[in-house]
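**Student:** Just a sequence and a predicted model for now, questions to come.
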Amino acid sequence: MARPGITQEEVFQAANEMLGQGISPTIELIRQKLQTGSNSTISNYLRVWRKLQGSKIDMAFHSSLPHEAVAMINGLWDRLRQLAEERCTQMEADYQQRFKEIQEEAQKYKTNNQKWQQLHNQWVEEKSQLIQVKNTSDEALAQQRDEILNLTATLETNKKELAEKHERIQELHRLHKQTQVNLEHFRESAREQRLLDQQQYERQIQGFQIELKALKDEGAIIREKMIFLKQENQQLQEKCSFEQEAHHSATSLVKELGAQITELEKHKDHYVKSYEYSQTELKTKDIQVIDSQVKLQLLEEQIKSLQGQFQKIEEENKILLNQKWVIAQEKSVLEGQLKEMRQVLDASLS
């Protein structure tokens, strides 16, 4: 496109100046002289200038030159003009082609500019991200330095703890030796105590067995006595029933005798003595029955007492068995503790 302000007069003045200097004006020369303007605008103005200059040349030559010279000059001029027009046309076509190429290149530059702008924006974002990463790395580095300081302090603490643990291990070795001595002493004492307890337990078992046998024999005798007493009690009960029947019969007889008292007043003393004797005999039988019941009750209490003693002996036997089991459990616990102490010492040494 032409620069704003380029006019036809400027093109004509430049062409006239070149023509006065003996230079044939062209589009490129005029554009170089004016330092602006497009080829198409200069070409249009230059074409008008040449037409005007052609008529002026014809007029000048017709007035002062021979016909042959004028004809030759006109032919030369026409040839020059034709060549100039062809040159202008070619230059215009070249210019259009160049202008099209420049537009394509400008479009490419524009596209590349957009790409470069995108790359620039991406680079700015990456730069900001890198700055953030750098800041994060600096913070992580500071944290790592703090962690290194903390680890150094922890290492010193661990060294102190290791020294304390070593001292503790030495103390545990000493305690282990002392524990082994105490354990051997305890084993010996426990073995002697177990032997004494076992002997005492066996003696107690033997005594309990003898007592149990005696109690079983006594229980058998008591059972036999109970059976005998039950039989005797049954007999006494039968006898008591018989006596009661006799008592009822005597009572009935007394009643009958009472009715006959009036008739038997002569024999009153005799019948009174008989009645008193019967009453005495009846009371004696009642006392015997009560004694039998008391004896039976005492025998039952003795049986219950023997059963209680037998149960107590069984409970004592269970208690002794429990004590023996407790001693065995304590032995297992002590052996387990000793084994754990040995494992701890082995782990500490390793």
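**Tutor:** Arrived safely, thanks for sending.
**Student:** can you give me the helices in the stretch 151-300 of the chain?
**Tutor:** Applying DSSP state H, counting those that start in this stretch to the stretch 151-300 of the chain gives helices spanning 268-349.
**Student:** Okay, now the unreliable bits of it?
**Tutor:** When the per-residue scores of the stretch 151-300 of the chain are filtered using pLDDT under 70, the ranges that remain are 201, 233, 240, 243, 246-247, 250, 254, 257-258, 261-268, 271-272.
**Student:** Around residue 347, how many other residues sit close by?
**Tutor:** The burial metric for residue 347, expressed as a neighbour count using other C-beta atoms under 10 Å, is 9. C-beta coordinates here come from the backbone N, C-alpha and C atoms, glycine included.
**Student:** Now do it against residue 341, distance only.
**Tutor:** When C-beta to C-beta, to the nearest Å is applied, the distance between residue 347 and residue 341 equals 11 Å.
**Student:** Same check on residue 44?
**Tutor:** Between residue 44 and residue 341 the computed distance is 118 Å (C-beta to C-beta).
**Student:** Could you list the domains of the protein?
**Tutor:** The chain breaks down by automatic domain parsing into domains covering 8-110, 195-349.
**Student:** what's the closest of those domains to residue 156?
**Tutor:** Counting by C-beta to C-beta, residue 156 lies closest to domain 195-349 out of the domains of the chain; the figure is 21.7 Å.
**Student:** Centroid-nearest residue for the chain?
**Tutor:** Nearest to the mean C-alpha position of the chain, by C-alpha atoms, centre = their mean, lies residue 147 at 26.7 Å.
**Student:** now the helix or strand hosting it, how far from the centre of its chain.
**Tutor:** Secondary-structure assignment from DSSP states H and E places residue 147 in helix 67-261. Shown here is helix 67-261, whose average C-alpha point lies 5 Å from the average C-alpha point of the whole chain (C-alpha atoms, centre = their mean, to the nearest Å).
**Student:** Tell me, how many residues neighbour residue 99?
**Tutor:** The local packing of residue 99 (other C-beta under 10 Å) involves 16 other residues.
**Student:** typo on my end, it should be residue 87
**Tutor:** Burial measure for residue 87: 13 neighbouring residues, criterion other C-beta under 10 Å.
**Student:** Also the one 4 residues further on?
**Tutor:** When counting by other C-beta under 10 Å, one arrives at 17 neighbours for residue 91.
**Student:** Test my guess that it contacts residue 27.
**Tutor:** Yes. With contacts counted by C-beta atoms under 8 Å, residue 91 reaches residue 27, the gap being 5.9 Å.
**Student:** residues shared between the contacts of these two?
**Tutor:** Overlap between the contact sets of residue 91 and residue 27, as judged by C-beta atoms under 8 Å, 6 or more residues apart in numbering, is given by 39, 43.
**Student:** in stretch 89-96, what counts as buried?
**Tutor:** Of the residues in stretch 89-96, those buried by neighbour count under the rule 16 or more other C-beta atoms under 10 Å are 91, 92, 95.
**Student:** Distance-wise, check the last one relative to residue 40.
**Tutor:** The spacing between residue 95 and residue 40, counted by C-beta to C-beta, is 7 Å.
**Student:** do the same with the second one
**Tutor:** Counting by C-beta to C-beta, the separation of residue 92 from residue 40 is 6 Å.
**Student:** cool, and the first one?
**Tutor:** Taking C-beta to C-beta as the measure, residue 91 and residue 40 are separated by 10 Å.
**Student:** Just send the domains of the chain back as JSON lines, with distance to residue 179 too.
**Tutor:** Formatted as JSON lines, the domains of the chain follow (distance: least, C-beta to C-beta, whole Å):
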{"stretch": "domain 8-110", "distance to residue 179": "94"}
{"stretch": "domain 195-349", "distance to residue 179": "6"}
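**Student:** closest one to residue 169 among those domains?
**Tutor:** Nearest of these to residue 169, taken as C-beta to C-beta: domain 195-349 at 4.5 Å.
**Student:** Tell me the span between the first and last residue of the closest one.
**Tutor:** Across its full length, domain 195-349 reaches 38 Å between end residues, using C-alpha to C-alpha, to the nearest Å.
**Student:** can you give me the offset of it from its chain's centre?
**Tutor:** Computed by C-alpha atoms, centre = their mean, the separation of domain 195-349 from the middle of its chain amounts to 70 Å.
**Student:** ok so, going back, name the nearest of the buried residues of stretch 89-96 relative to residue 326.
**Tutor:** Distance to residue 326 across the buried residues of stretch 89-96 (C-beta to C-beta) is lowest for residue 95, with 122.6 Å.
**Student:** leaving aside the residues next to it on the chain, what's closest to that closest one?
**Tutor:** Nearest residue to residue 95 in three dimensions, chain neighbours excluded: residue 39, at 4.2 Å (C-beta to C-beta, 6 or more residues apart in numbering).
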